[in-house]
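Novice: sequence and predicted structure, then a few things I'm wondering about:
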Amino acid sequence: MCRKDSLVHAAFPLFVSGLGLLGLPAAAQCPSTSTAIVEQAELTTQALENTDEPTIENILAQIEETLSCLDEPISQDAAVAYHQIMAFQSFYVTEFQQIPLSLQAILQLDPDYQPPAAFLSLQFEDRMAEAMALQAAVFDLEIPSGYGALVDSEPRVDFPANRPAILQWLAADAPQSVLATHYIQPNDSIPSPPPLRVINEPPPK
């Protein structure tokens, strides 16, 4: 991932480490799980506490793949964890205006959320205040016949208009089987769900 700025200059003391000497998290594997996303959020916090920049870069490089590889409905804890990682990523690449939007998504899932202590040095308390001041807005989600949709782990027929959200397409008759998972930013188009496979139809060879 290409950084626009370095944590060394943004929030950390001078930090030098040999990338080849570190035990970095393994690359994302398909299928992935909600547990994997929560664990990556925890690893991000630990790496921040330890000023472990290579590990942070590794996690940020693989987190989107981890999400897209989900083959199960994302848990609420994992949705919060993912938005937390995205808030941190926005700080990391100096897209500070995006941080309150991710925090707004978290607060709608968990009104009692508090950022990890390691994030306080990143002025996340100020970003939380901005997030709380944002007004929620939604638009109708077009759900084709035969499908269902989860938005940030919850069954929904509408979609946030002014903050990022996690969209999962499901088959209506198999709500525990995820067809596709997407991270949608404001102004992104909503991707269509993949085709449903007819029951008893053999899988493609």
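Specialist: Now that the structure is in, tell me what you want to look at.
Novice: next one: phi and psi at residue 136?
Specialist: When quoted as degrees, to the nearest 10, the phi and psi of residue 136 stand at phi -70, psi 140.
Novice: typo on my end, it should be residue 165
Specialist: Here the main-chain torsion angles of residue 165 (degrees, to the nearest 10) amount to phi -160, psi 160.
Novice: what's the local residue count around it?
Specialist: 22 (other Cβ atoms under 10 Å). Heads up, the C-betas are built off the backbone N, CA and C, glycines and all.
Novice: against residue 98, how distant is it?
Specialist: Here residue 165 is placed at a distance of 13 Å from residue 98 (Cβ to Cβ, to the nearest Å).
Novice: just name the shakiest helix or strand of the chain by mean pLDDT.
Specialist: In the chain, no helix or strand scores lower on mean pLDDT, DSSP states H and E than helix 7-10, which sits at a mean of 40.
Novice: what's the following helix or strand after it?
Specialist: For helix 7-10, the succeeding helix or strand toward the C-terminus, using DSSP states H and E, is helix 34-49.
Novice: and whichever helix or strand comes after that following helix, which residues are buried?
Specialist: Scanning the chain past helix 34-49 towards its C-terminal end, the next helix or strand to appear is helix 53-68 (assignment: DSSP H and E). Along helix 53-68, the positions that meet the burial threshold by neighbour count (16 or more other Cβ atoms under 10 Å) are 53-60, 62-64, 66-67.
Novice: before we move on, what about stretch 87-103?
Specialist: Residues of stretch 87-103 classed as buried by neighbour count (16+ other Cβ under 10 Å): 87-92, 98-103.
Novice: just stretch 124-138 next, same as before
Specialist: Neighbour count says stretch 124-138 has 124, 127-128, 131 buried, by 16+ other Cβ under 10 Å.
Novice: so which residue is dead centre in the chain?
Specialist: The C-alpha lying nearest the average C-alpha coordinate of the chain belongs to residue 82 (Cα atoms, centre = their mean; 3.0 Å).
Novice: pretty sure that residue belongs to a helix, no?
Specialist: Yes - judged by DSSP: H, G, I helix; E, B strand; the rest coil, residue 82 forms part of a helix.
Novice: quick one: neighbours of the nearest residue to it once chain neighbours are set aside, just the number.
Specialist: Ranked by Cβ to Cβ, 6 or more residues apart in numbering and with sequence neighbours excluded, the top spatial neighbour of residue 82 is residue 37, at 5.3 Å. As a burial measure, the neighbour count of residue 37 was computed by other Cβ under 10 Å and equals 26.
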